[in-house]
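1. sequence and predicted structure below; questions after.
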Amino acid sequence: MTEPAPSRNSHPLRPVLERGLERGLFDGAVVLVGSSAGVDAELCVGDRNTAGDPVTSETAFDVASLTKVVATTTITVRLVQEGKLTLSSTMSDHVDELQGTPRGEIPLHSLLTHTSGLPPYKAFPFGWESTSAVLESLFDSPLSVLAEPGEWHVYSDLNFVFLGEVLRRVTDDSLATLFERHVTDPLGLEETVLGPTSVENVAATRDRRWEGRVLEGEPHDYLARAMDGESGNAGVFSTGRDLATVARMLLSDGEYEGERYLSPGMVERLRTDVLESMETRQGLGWKLGDADTPGTAWSAEAFGHTGFTGTSMWMDPRADRFVVVLTNHVLAMDPDGSLASFRRRVHDVTAATDSRADSP
């Protein structure tokens, strides 16, 4: 006798998501869990906008800092594989305006690992209105370097803004073009774009800091919006299913659907600690798991990243497991760390669950 299929409401993660919705942590969310073999569960809750349209599997979210790893890091290492870039080169090797400056001496691998000595995003003034204005300000202003490259780990959006400009100089292409060439086209990501999007099914975010309005299809990140999505630190819109494809490729040592995308050695570099002398664990672009993130039930081999809009993506090669979390929460409205606690709960339940298919 065939057992009945489980109810769409039976997945252990569903009450966790519904509780987050009730607490007002987000208006809508999508969570996918699976392995290198495929997606095991996909759950959608809440609304994507103030009109009350429901979140679906096709809803695109502003993934914020997941852009750093899904887009900018991936483009970088693909160019390294093609012999067009070396991570030991410095910024001044590629950006003439930085020659003779402390910023120009920063090697590219320090940008990827947040050991450049550049200050974090919040320490830099705002007021830019275009890509050229941002870059001119970064090149010409007396931007302090807080430490010598490699001395300490300071997470900074500016690392990826500078890295994005290096990628443009090396290839003479826009980041959007590079993203298509190196990420969305070869992996078949049909619902993922870099920059503002006009698709109808997009999750809205609330801009409470800069303009005080609801954003639909515009990057929430100030730099990404000023640079029309070309900042390198944020700006990608994607669906859970597309990000699951990226996760599956990384869990398969750089292979997807029989095609070699990244070399196994390069994937190993992405998820190996390059800061062994520091307290922070960091791979190339990707963060590495610790006692709190992604959760206590994940192995020390876990790697992933989070985003300001309440997104995260974590993979555990030892368990052959991934989880993608997309929400339209904004961390500026989370003074007590409630969303971080929510994400850890999602990760812990994922690790403890024998996933069963769950439709939105």
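-> It's in.
2. just the residues contacting the helix or strand of the chain with the lowest mean pLDDT, thanks.
-> One helix or strand of the chain scores below all others by mean pLDDT, DSSP states H and E: strand 205-207, with a mean of 82. Here strand 205-207 makes contact (C-beta atoms under 8 Å, 6 or more residues apart in numbering) with 62, 213-215, 220, 309, 328, 330, 333. Yep, even glycine has a C-beta here, placed from its N, CA and C like the rest.
3. what about the residues you listed, which are in strands?
-> 62, 213-215 (DSSP state E).
4. residue ranges with poor pLDDT in the chain?
-> In the predicted model, the chain carries pLDDT under 70 at residues 1-9, 122-126, 142-143, 208-211, 291, 331-337, 354-360.
5. quick one: residues contacting the most centrally placed residue in it.
-> Closest to where the C-alpha atoms of the chain average out (C-alpha atoms, centre = their mean) is residue 66, at 0.7 Å. Residue 66 is in contact with 236, 238, 243, 305-307, 311-313, counting by C-beta under 8 Å, 6+ apart.
6. wait, what's in contact with the closest residue to residue 274 other than its chain neighbours?
-> On the basis of C-beta to C-beta, 6 or more residues apart in numbering, the spatially nearest residue to residue 274 that is not a chain neighbour turns out to be residue 113, at 5.6 Å. The contact partners of residue 113, taken as C-beta under 8 Å, 6+ apart, are 153, 274-275, 282-285.
7. and of those residues, the nearest to residue 160?
-> residue 285 (8.6 Å; C-beta to C-beta).
8. for the closest residue to that closest one other than its chain neighbours, give its distance to residue 338.
-> The shortest distance from residue 285 to any non-neighbouring residue, by C-beta to C-beta, 6+ apart, is to residue 73 (3.0 Å). Distance of residue 73 to residue 338, computed by C-beta to C-beta, to the nearest Å: 28 Å.
9. which one of those two has more residues nearby?
-> Taking neighbours as other C-beta atoms under 10 Å, residue 73 and residue 338 compare with residue 73 leading, 22 against 16.
10. show me what contacts the more buried one?
-> Contacts of residue 73 (C-beta under 8 Å, 6+ apart): 112, 270, 284-286.
11. in JSON lines: those residues, plus neighbour count.
-> Formatted as JSON lines, the contacts of residue 73 follow (neighbours: other C-beta atoms under 10 Å):
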{"residue": "112", "neighbour count": "27"}
{"residue": "270", "neighbour count": "21"}
{"residue": "284", "neighbour count": "21"}
{"residue": "285", "neighbour count": "26"}
{"residue": "286", "neighbour count": "23"}
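12. filter those down to the ones in helices?
-> When these are checked against helices (DSSP state H), the matches are 112, 270.
13. of the contacts of residue 73, closest to residue 258?
-> When the contacts of residue 73 are compared against residue 258 (criterion: C-beta to C-beta), the nearest one is residue 270, at 20.9 Å.
14. tell me if I'm right that that closest one and residue 303 touch.
-> Yes: counting by C-beta atoms under 8 Å, residue 270 does reach residue 303; the two are 7.0 Å apart.
15. so this protein: which segments form each domain?
-> 13-66+191-352, 73-171 (automatic domain parsing).
16. select, out of the ones you listed, the one closest to residue 179.
-> Of those, the one closest to residue 179 (C-beta to C-beta) turns out to be domain 13-66+191-352, at 4.3 Å.
17. can you get me the start-to-end distance on that closest one?
-> 10 Å (C-alpha to C-alpha, to the nearest Å).
18. what's the first-to-last distance across stretch 104-120?
-> Using C-alpha to C-alpha, the two ends of stretch 104-120 sit 17 Å apart.
19. give the buried residues for it.
-> Applying a neighbour-count criterion of 16 or more other C-beta atoms under 10 Å, one finds 104-119 buried in stretch 104-120.
20. likewise stretch 137-152?
-> When burial is assessed from 16+ other C-beta under 10 Å, stretch 137-152 yields the following buried residues: 138-139, 143, 149-150.
21. just flag the most distant two among these.
-> 139 and 150 (22.7 Å).
22. let me have the domains of the chain in CSV, extended by distance to residue 184.
-> Shown next, in CSV, are the domains of the chain (distance: least, C-beta to C-beta, whole Å):
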stretch, distance to residue 184
domain 13-66+191-352, 5
domain 73-171, 10
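23. where exactly do the helices run in the stretch 201-350 of the chain?
-> 222-226, 240-251, 264-270, 338-352 (DSSP state H, counting those that start in this stretch).
24. relative to residue 36, which of those helices is closest?
-> helix 240-251 (4.0 Å).
25. going along the chain, name the strands of this protein.
-> 28-35, 38-46, 61-62, 193-194, 205-207, 213-215, 236-238, 255-256, 259-260, 287-288, 303-307, 311-316, 321-327.
26. mind checking the ones you listed for the one nearest to residue 96?
-> strand 193-194 (25.4 Å).
27. note down every partner strand of that closest one and its orientation.
-> Strand 193-194 pairs in its sheet with strand 236-238 (antiparallel), by DSSP bridges.
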